[in-house]
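Colleague: next comes the sequence, and after it the predicted model I'd like to discuss.
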Amino acid sequence: MFIKMMNNFAYFFLIFILPTKAYAYLDPGTGSIIIQSIIAAMATGLFALSGYWNKIKSFFKRNKKKDKEIKK
């Protein structure tokens, strides 16, 4: 049973790995959509990271202020 399942997996894997002709046309609009989505994903990631970065910075600034008050 296991060997038969592995053979089926191997056949399925080979079907998708072996190159075949697609006969597809990618117009310039498709390329621009792909580039636009990559840029949008990077901008979204940077925006999310900046929000967390400000929270981390403010957390450490609060701790420094408390440490100065405690030392006085």
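Modeller: Thanks, I have the structure now.

Colleague: name the element Tyr25 belongs to?
Modeller: Using DSSP states H and E, no element contains Tyr25; it sits outside every helix and strand.

Colleague: ok, it to Gln36 distance?
Modeller: 19 Å (CB to CB, to the nearest Å). (Each C-beta comes from the backbone N, C-alpha and C, glycine too.)

Colleague: those two: who's more crowded?
Modeller: Counted by other CB atoms under 10 Å, Tyr25 and Gln36 do not tie: Gln36 has more neighbours, with 10 against 6.

Colleague: helix or strand: which one has that one?
Modeller: Counting by DSSP H and E, Gln36 is found in helix 28-71.

Colleague: for Asn8, give its distance to Met1.
Modeller: Plainly put, Asn8 is 11 Å away from Met1 if you go by CB to CB.

Colleague: who has more neighbours out of the two?
Modeller: Asn8 (10 against 5).

Colleague: now do the same for the residue nearest to the spatial centre of the chain: its pLDDT.
Modeller: Taking CA atoms, centre = their mean as the criterion, Ala41 is the residue nearest the geometric centre of the chain, at 7.8 Å. We have a pLDDT of 96 for Ala41.

Colleague: ok, Asn54 to Ala40 distance?
Modeller: Distance from Asn54 to Ala40, by CB to CB: 22 Å.

Colleague: cool, Ser32 as well?
Modeller: Taking CB to CB, one finds Ser32 at 12 Å from Ala40.

Colleague: centre of the chain to stretch 29-38, how far?
Modeller: 16 Å (CA atoms, centre = their mean, to the nearest Å).

Colleague: before we move on, what about stretch 11-29?
Modeller: 24 Å.
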